[in-house]
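Asker: Sequence plus the predicted model coming up.
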There are 2 protein chains.
Amino acid sequence: MDSGAGRRPEPTMRDVAALARVSAKTVSRVINDQPGVGPEAIERVRAAARTLGYRPNLTASSLRRSDKRSATIGVLFEDLSNPFDSALLRAVEDRARQSGVLVLAGSSEDDPSLQRELLASLASRRVDGMVVMAVGGHQDALQQERERGTPMVLVDRPPTFGETDSVTTTNRESAREAVVQLAELGHRDIAFLGDRQTLWTSHERYTGYLEGLAHSGLKLRKDLVCTDLKGPDLAEQATAALLDLPDPPTALFTAQNLVTVGAMRVLRSRRMHHRIAQIGFDDFPLADMLEPGITVVRQDVPGLGRKAADLIFARIENHHLPPSHAVIPATLIRRGSGEIPPES
Amino acid sequence: MDSGAGRRPEPTMRDVAALARVSAKTVSRVINDQPGVGPEAIERVRAAARTLGYRPNLTASSLRRSDKRSATIGVLFEDLSNPFDSALLRAVEDRARQSGVLVLAGSSEDDPSLQRELLASLASRRVDGMVVMAVGGHQDALQQERERGTPMVLVDRPPTFGETDSVTTTNRESAREAVVQLAELGHRDIAFLGDRQTLWTSHERYTGYLEGLAHSGLKLRKDLVCTDLKGPDLAEQATAALLDLPDPPTALFTAQNLVTVGAMRVLRSRRMHHRIAQIGFDDFPLADMLEPGITVVRQDVPGLGRKAADLIFARIENHHLPPSHAVIPATLIRRGSGEIPPES
DNA sequence: GCGCACTACGTCAACGTTGACTCAGGAGGA
DNA sequence: TCCTCCTGAGTCAACGTTGACGTAGTGCGC
């Protein structure tokens, strides 16, 4: 074993060339399957590379190559341990692998300065492109990066600046659909519980909620709207407060995953989960195993990821494509909780 | 905007040097905070770098530097969209960020040839180290990589070869603890449902099951042992078959996440979830919201990830450290399903 | 006034690879 | 026979950066 020795120096093309008694350039040709090398020279080079355990140095290669490709893309999401983000990452990774590209991944934690830092880190490594879930607020850093010509695709949230590809979900339309379904069951007091309004998705879903009410001829009750619920604790408090109203809602539209779970928790602890309707945005595991099953709007996460990857690779291939804004449809999955009619 | 223009060439040190009227070396010194540059030269270089939007090329830098560090590590897990894997990735990423290191991530899908390919891909990019969840079976590719001197830490599964760091969970001990708890409640017919036996973790948990039985003076009933349940479908079939036995089990030890869920599903559909005890290995979201809550052995996933990252960075710093094998304790979380006594 | 140390730079080559070019030798045609 | 073309190589420099080393100028002690 390696005990005692430090990291062995990697053999270089020159080492292989010396052993095969050819020039380094010939080794380069063999490694890159370029023509102009005779069969027995090819064999000598291959044998030498094998015995030395030679592996090409991609960093040196991409430094010298004319296209400067690093065969690496950057992925900058909010939190890689979040199931949504990791499913997205996996979809991007799968598509990248087909092109022999590896993925540098980072979590921005919705922190602009961290995003800026990671962006610079990716840029220093000269990635071929970036797939970014932009943090809320100003996107100056992203815009600057894009304006330098770095291929970039925004996922889940659209760019606030021009000429940049994006992939999003039908947030507004699907939220609206959920609310309309509740209204058609006879609900007239439908509460909205959502995440931070600075997040584009949250805001879109709220707009969809408003549209759904309007479409169904319902009046907006401002006391039934709870926004900026960051995390399950705030969601639980908000749900409890709603239920304690003199005129409580008969249905909840919970516009984010953790909010959905927080609300569920409160409904269950009050044994009201069979009497109050609930539709959540974004599916989650075991939603079908609860009593009742939780009706949700399911986003096509792998679809989002695949599309994002397709776009980034298309953009890398051709910088001059017109920007593309893909919208991936979400689906309403009826499991019971969203099909509870109002009482009396 | 960038419309029409291809990717703008990145400014180099020479560009900055020309603008600041100094040599490239001086720019290098300023960028790396090295001494030997006067204050006003520093200012000129800084200003020039700002106006040009200069960002150092880390690939060129790591090519030339003596230590050859790329400030990048590789992470090779089974499936990055799996919550266990992604939580692990996140923990590694957090630790890496502290050292200014980025993470190249890949999913091996438990496929030896894919793992081999990704390993080569990482090696070509000259990562400083690798954190690997080894695929089952032969680990030759990993061993070869390790023998070349690449710093490597195996997570969740130990190496079958020497001189390599690893981090694992108390699979056997915790499985044993779970089974002993069931036995102490009076259960005598405790079934084992587990994933593929080729996986080290599955095998360990099975061994723990056997130890638990032995410790409690129970005899092994081979007809209650179901292994190699890959995926929830097989788990459901196996559970159904167990319950259809003339002498069915009164408690289930489900040794893997998807198996746990599959078994739960069958118990619920047969309305037996309040009569048959169940303890699962590995926690999952909403386990506490079901009726009854699911008792599980919870692994300390962030702890595993942190430790793995600590080890890889220690190894990168010092190749000569003796190999370290960390074992992170798991905890039994009692929620109800594992505290159901046998009937009559 | 001379040597010496010290500071603030600059010069050069090299990291591992590849694009552009050169070149020897043989085949083939006029 | 001579010229051209093609094949299978090799040579050289450069990608962007930094380690090793060189050097001009200043300050200071004796």
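Answerer: Everything's here; your move. Being a predicted model, the structure only gives us computed values, none of them experimental.

Asker: for the residue of the stretch 101-250 of chain A found nearest DNA strand C, what are its contacts?
Answerer: Per C-beta to the nearest atom of the strand, residue A:126 is where the stretch 101-250 of chain A lies closest to DNA strand C, at 13.2 Å. For every residue, glycine as well, the C-beta is placed using N, CA and C. Counting by C-beta atoms under 8 Å, 6 or more residues apart in numbering or on different chains, residue A:126 touches A:62, A:68, A:70, B:10, B:57, B:58, B:59.

Asker: Tabulate those residues in TSV, adding columns for distance to residue B:47, neighbour count and pLDDT.
Answerer: Formatted as TSV, the contacts of residue A:126 follow (distance: C-beta to C-beta, whole Å; neighbours: other C-beta atoms under 10 Å in any protein chain shown; pLDDT from 0 to 100):
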residue	distance to residue B:47	neighbour count	pLDDT
A:62	30	19	96
A:68	27	15	88
A:70	29	22	96
B:10	18	19	93
B:57	20	19	97
B:58	23	21	97
B:59	26	25	96
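
Asker: how about the residues you listed in CSV, adding secondary structure and distance to residue B:267?
Answerer: Shown next, in CSV, are the contacts of residue A:126 (DSSP: H, G, I helix; E, B strand; the rest coil; distance: C-beta to C-beta, whole Å):
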residue, secondary structure, distance to residue B:267
A:62, helix, 55
A:68, coil, 58
A:70, coil, 51
B:10, coil, 60
B:57, coil, 59
B:58, helix, 54
B:59, helix, 55
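
Asker: picking up where we left off before, what pLDDT does the residue of the stretch 101-250 of chain A closest to DNA strand C get?
Answerer: Per-residue pLDDT puts residue A:126 at 97.

Asker: a helix runs through it, doesn't it?
Answerer: No - using DSSP: H, G, I helix; E, B strand; the rest coil, the secondary structure at residue A:126 is coil, not a helix.

Asker: Give me the phi and psi angles of it.
Answerer: The phi/psi pair for residue A:126 (degrees, to the nearest 10) reads phi 50, psi 50.

Asker: State the distance from it to residue A:55.
Answerer: Distance of residue A:126 to residue A:55, computed by C-beta to C-beta, to the nearest Å: 20 Å.

Asker: Residue A:294 too?
Answerer: From residue A:294 to residue A:55 the distance is 50 Å (C-beta to C-beta).

Asker: These two: which has the busier surroundings?
Answerer: residue A:294 (27 against 16; other C-beta atoms under 10 Å in any protein chain shown).

Asker: Does the more buried one touch residue A:332 like I think?
Answerer: No - look at residue A:294 against residue A:332 with C-beta atoms under 8 Å: they stay out of range, at 11.9 Å.

Asker: list residues touching both of those two?
Answerer: residue A:338.

Asker: Do you have the strands of the stretch 1-150 of chain A handy? List them.
Answerer: In the stretch 1-150 of chain A, the strands defined using DSSP state E, counting those that start in this stretch lie at A:72-77, A:102-107, A:129-132.

Asker: Now render the ones you listed as CSV, adding mean pLDDT and distance to DNA strand C.
Answerer: Formatted as CSV, the strands of the stretch 1-150 of chain A follow (pLDDT from 0 to 100; distance: least, C-beta to the nearest atom of the strand, whole Å):
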stretch, mean pLDDT, distance to DNA strand C
strand A:72-77, 98, 15
strand A:102-107, 98, 17
strand A:129-132, 98, 20
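
Asker: Sort out which one of the contacts of residue A:126 lies nearest residue B:198 for me.
Answerer: Set against residue B:198, the nearest of those by C-beta to C-beta is residue A:70 (35.9 Å).

Asker: show me what contacts the closest one?
Answerer: With contact taken as C-beta under 8 Å, 6+ apart, residue A:70 is in contact with A:58, A:59, A:62, A:125, A:126, A:127, A:128, B:59.

Asker: Over to residue A:157?
Answerer: Per C-beta under 8 Å, 6+ apart, neighbours of residue A:157: A:133, A:134, A:166, A:168, A:199, A:200, A:201.

Asker: ok, now with 7 Å
Answerer: A:133, A:134, A:168, A:200, A:201 (C-beta atoms under 7 Å, 6 or more residues apart in numbering or on different chains).

Asker: Closest one of those residues to residue A:192?
Answerer: residue A:201 (13.8 Å).

Asker: Please report the number of neighbouring residues for that closest one.
Answerer: 23.

Asker: roughly how far apart are the nearest residue to it once chain neighbours are set aside and DNA strand D?
Answerer: Of all residues not flanking residue A:201 in the chain, residue A:171 sits nearest, at 5.3 Å (C-beta to C-beta, 6 or more residues apart in numbering or on different chains). According to C-beta to the nearest atom of the strand, to the nearest Å, residue A:171 and DNA strand D sit 41 Å apart.

Asker: is it true that residue A:171 touches residue A:204?
Answerer: Yes - between residue A:171 and residue A:204 there is a contact under C-beta atoms under 7 Å: 3.7 Å.

Asker: Looking at those two, which is more packed in?
Answerer: When neighbours are counted by other C-beta under 10 Å, residue A:171 and residue A:204 differ, and residue A:171 comes out ahead with 25 against 21.
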